[in-house]
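> Sequence and predicted structure are below.
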Amino acid sequence: MYDCIVVGAGPSGGSAAYHLAKRGRSVLLLEKEALPRYKPCGGGVSPMVQQWFDFDFAPAVSLTISQIRYTWQMGEPEIVDLANLEPVWMVRRDVFDHYLVQQGQKLGVELRDRTLVKGVEWKGDRWLVTTEHEVLAAKYVIGADGARGSMAKWLGFKERKCRMGAALEVEAPQVNPDVTAAHFDFGGVQNGYIWNFPKADGYSIGAGTFIGGEKQNLKEITAKYAQQFGIDITSIKQFGHPICLWDGNQALHTQNAVITGESACIVDPFTAEGIRPSLLTGMYAAQAVDEAIAGNADALKQYTLKIQEEWGEDMVWAQRIANLFYRVPSFAYKIGVKRPSATQRMGKILCGEMRYRDVASSAIKKLTKGLIPGMG
């Protein structure tokens with residue numbers, strides 16, 4: 001019997017497995033796909049995550065970006081230098097996720113990829129995890145199988161608070177891509193934005209909508225945007241996927257189990273940033289399970305409270321800003337995005353030097369003016 005079975009080998013599952021193994025626990029990591037596996041994702045990561053791990057992520061980083069280029073409906077470019085901030089990492093998820101898992105394997109994590117979980121059941125004093133080929137036992141379980149996964153439902157989290165967003169993404173190979181900046185376009189997508197995140201060997205181009213309920217042709221929008229970079233995506237495979245955006249604090253623990261990452265609905269409702277909170281929840285889940293094994297009866301409850309305090313309380317402000325920003329995008333772009341100081345503050349938020357709560361009062365006051373006739 002394992003100390004813990006982690007289901008899902010994305011950033012939160014890999015993080016949880018790594019930190020549990022580091023604490024000397026026996027860990028089985030299950031992943032339905034063969035690793036390394038493709039994962040549609042822009043792949044922008046705050047370098048602040050390095051502080052949570054004692055190995056160097058550099059081999060898994062495709063390149064770093066220290067400029068942001070903004071446009072409004074593909075025109076009026078505004079380039080902002082991330083002065084005095086660490087460059088943002090651009091990663092490919094097949095490389096990044098697998099690299100994280102490999103670091104866990106070095107500490108003793110047992111990986112079984114190509115292994116589909118069919119169900120879980122609490123039996124007396126253990127979880128029984130049923131795969132296609134066998135039944136496995138563990139004292140604890142961590143559900144980290146993402147927005148489309150079934151673990152949260154099987155563990156009893158049936159009424160999760162979650163605002164569903166949607167994104168469409170393509171990976172466009174390119175010889176000698178322009179790697180000077182990450183690109184964001186506003187105004188072309190309702191309640192969201194379009195992006196182009198360069199990698200060493202091409203671009204990750206996509207469009208996302210983050211409020212919900214919009215009927216838009218993301219394929220058409222993304223194809224038109226890609227043409228700006230000399231890319232014809234009509235012959236490239238396109239990936240659509242849901243995004244579990246944070247929509248309020250909720251319990252993330254149950255009997256000898258916790259959920260992490262998108263299974264826990266922790267994606268930033270303003271920027272749709274998901275990798276950093278996934279790594280964070282994985283790390284804290286491992287800490288909680290380790291303490292629970294050691295005899296702390298409240299450890300899993302404390303995990304929920306810790307995520308609410310360190311992530312959820314700030315997401316309240318992120319959501320308020322998002323609700324206003326995407327309602328008055330043209331005005332918001334003028335008074336927010338086009339101001340270099342705003343980008344500097346956003347960079348500091350992503351790097352952990354500031355929090356949304358630090359800028360929310362001023363931002364909400366300015367954005368509210370755009371809702372009042374004659375004020376915008």
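Yep, that arrived.

> Correct me if wrong, but V141 is in a helix.
No - applying DSSP: H, G, I helix; E, B strand; the rest coil, one finds V141 to be strand, outside a helix.

> Neighbours of it, how many?
Close neighbours of V141, defined as other Cβ atoms under 10 Å, add up to 29. No exception for glycine: its C-beta is placed from N, CA and C like everyone else's.

> Contacts only, for it.
Residues near V141 by Cβ atoms under 8 Å, 6 or more residues apart in numbering: 4-7, 120, 127, 129, 151, 155, 256-257.

> and A342, which of the three is it?
Assignment for A342 (three-state DSSP): helix.

> G336 is in contact with that one, correct?
Yes - the pair formed by A342 and G336 meets the contact definition of Cβ atoms under 8 Å, at 4.8 Å.

> The two: which is more packed in?
G336 (22 against 19).

> Give me the average confidence score over stretch 204-221.
Taken as a whole, stretch 204-221 has a mean pLDDT of 85.

> oh sorry, the question was meant for stretch 284-300
The average of the pLDDT scores along stretch 284-300 is 98.

> Return the set of buried residues in that stretch.
The neighbour-count check on stretch 284-300 (16 or more other Cβ atoms under 10 Å) flags 284-293, 299-300 as buried.

> Please identify which pair of the residues you listed lies farthest apart.
Pairwise distances across these peak at 15.1 Å for Y284 and I293 (criterion: Cβ to Cβ).

> just the strands in the stretch 1-150 of the chain please.
Ranges of strands within the stretch 1-150 of the chain are 2-7, 27-30, 44-45, 63-65, 67-72, 75-81, 88-90, 110-112, 117-123, 126-131, 135-143, based on DSSP state E, counting those that start in this stretch.

> helices or strands next to whichever helix or strand comes after the longest one in the packing?
Same thing as strand 135-143. Next helix or strand after strand 135-143 toward the C-terminus (DSSP states H and E): helix 151-154. When contacts are defined as 3 or more Cβ pairs under 8 Å, 6 or more residues apart in numbering; DSSP states H and E, helix 151-154 sits against strand 117-123, strand 135-143.

> Compare the ones you listed and give me the one nearest F96.
Closest approach to F96 among the helices and strands packed on helix 151-154 is made by strand 135-143 (19.3 Å; Cβ to Cβ).

> Give me the sheet partners of the closest one and which way each runs.
Strand pairing for strand 135-143, using DSSP bridges, gives strand 2-7 (parallel), strand 126-131 (antiparallel), strand 257-259 (parallel).

> and the angle for the first one with strand 117-123?
What that stands for is strand 2-7. 140 degrees (axes from the mean of the first three to the mean of the last three Cα atoms, to 10 degrees).

> mind giving me the domain ranges of this protein?
As assigned by automatic domain parsing, the chain contains the domains 2-63+90-161+247-316, 163-244, 328-369.

> before we move on, the earlier item: next, format the helices and strands packed on helix 151-154 as a markdown table and append mean pLDDT and distance to P173.
Output for the helices and strands packed on helix 151-154, formatted as a markdown table (pLDDT from 0 to 100; distance: least, Cβ to Cβ, whole Å):
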| stretch | mean pLDDT | distance to P173 |
| --- | --- | --- |
| strand 117-123 | 97 | 33 |
| strand 135-143 | 98 | 34 |
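
> For these, give me JSON lines that also has distance to A181.
Listed next are these as JSON lines, based on distance: least, Cβ to Cβ, whole Å:
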{"stretch": "strand 117-123", "distance to A181": "41"}
{"stretch": "strand 135-143", "distance to A181": "37"}
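
> most tightly surrounded among these?
Of all these, strand 135-143 has the most neighbours on average by mean count of other Cβ atoms under 10 Å, namely a mean of 23.

> What are the boundaries of the helices in this structure?
For the chain, the helices defined by DSSP state H occupy 11-22, 93-106, 151-154, 218-226, 275-293, 299-307, 313-325, 329-332, 340-350, 356-369.

> Tabulate those helices (a markdown table), appending distance to M74.
Output for the helices of the chain, formatted as a markdown table (distance: least, Cβ to Cβ, whole Å):
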| stretch | distance to M74 |
| --- | --- |
| helix 11-22 | 31 |
| helix 93-106 | 26 |
| helix 151-154 | 38 |
| helix 218-226 | 7 |
| helix 275-293 | 27 |
| helix 299-307 | 38 |
| helix 313-325 | 19 |
| helix 329-332 | 14 |
| helix 340-350 | 19 |
| helix 356-369 | 23 |
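
> so which of the ones you listed comes closest to V49?
Nearest of those (Cβ to Cβ): helix 275-293, 5.1 Å.

> Tell me the one of the buried residues of stretch 284-300 nearest G146?
A285 (14.6 Å).

> Was I right to think that closest one contacts S263?
No - with contacts counted by Cβ under 8 Å, A285 stays clear of S263, the gap being 10.5 Å.

> what sits in contact with each of the two?
Joint contacts of A285 and S263 (Cβ under 8 Å, 6+ apart) are 12, 144.

> just to revisit the earlier point, right, and the helices and strands packed on helix 151-154 - which one's nearest P77?
The nearest among the helices and strands packed on helix 151-154, by Cβ to Cβ, is strand 135-143 at 42.3 Å.

> now the closest one: how far from the chain's centre is it?
Relative to the centre of its chain, strand 135-143 is centred 24 Å away, using Cα atoms, centre = their mean, to the nearest Å.

> could you check the angle helix 275-293 makes with it?
Using the same axes, to 10 degrees: strand 135-143 against helix 275-293 is 120 degrees.
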